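Colleague: sharing a model prediction with you, sequence too.
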Amino acid sequence: MSRISRDDVVHVARLARLELADDQIDTFTGQLDAILDHAADVEALDLADVPPTSHPYPLVNVLRADEVGPTLSNEAALAAAPRAEDGRFRVPTILGEAP
């Protein structure tokens, strides 16, 4: 039994303001029917003993420690800049704002 009809696909395409050729309608009907079959399989699973989670693995802190390390000197950072002024990058004015 098909979970979605060709007419359903045409209706949704019209709502989304999409123009679909006949072969596209047939393709999407088959693809959407397969997706809905898979969703039904997932819905049929007994998950009563499975607690809701936001992630499948128990993660604590996946970020590395924020530690100070070697950095570039101001001169080295500005060496390749197209324009520098007063020890800073010089960029175009945005929205007429004064520095």
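Modeller: Looks like it arrived, so ask away.

Colleague: most remote residue from the protein's center?
Modeller: Using C-alpha atoms, centre = their mean, the residue of the chain lying farthest from its centre is Asp86. It sits 40.1 Å away.

Colleague: would you mind measuring from that one to Glu75?
Modeller: 13 Å (C-beta to C-beta, to the nearest Å). Any C-beta I mention is one placed from the backbone N, CA and C, and that applies to glycine too.

Colleague: do the same with Leu95
Modeller: Counting by C-beta to C-beta, the gap from Leu95 to Glu75 is 30 Å.

Colleague: of these two, which one has the most company?
Modeller: The neighbour count for Leu95 versus Glu75, taken as other C-beta atoms under 10 Å, is higher for Glu75 (9 against 4).

Colleague: just give me the longest helix of the chain.
Modeller: helix 22-43 (DSSP state H).

Colleague: now do the closest residue to Arg90 other than its chain neighbours, the pLDDT please.
Modeller: Of all residues not flanking Arg90 in the chain, Arg83 sits nearest, at 3.8 Å (C-beta to C-beta, 6 or more residues apart in numbering). For Arg83, the pLDDT comes out at 92.

Colleague: isn't Arg83 right up against Pro92?
Modeller: No: using C-beta atoms under 8 Å, Arg83 is not in contact with Pro92; the gap is 9.4 Å.

Colleague: circling back: CA-only coordinates of the helix or strand following the longest helix of the chain, as PDB, when you get a sec.
Modeller: Using DSSP states H and E, the helix or strand that follows helix 22-43 in sequence is helix 74-78. Included here for helix 74-78 are C-alpha records, laid out as PDB according to Å, rounded to 0.1, in the frame of the first residue of the first chain:
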ATOM      1  CA  ASN A  74      52.100  42.600  16.300                       C
ATOM      2  CA  GLU A  75      54.600  43.300  13.600                       C
ATOM      3  CA  ALA A  76      54.500  39.700  12.200                       C
ATOM      4  CA  ALA A  77      50.700  39.800  12.100                       C
ATOM      5  CA  LEU A  78      50.700  43.100  10.200                       C
END
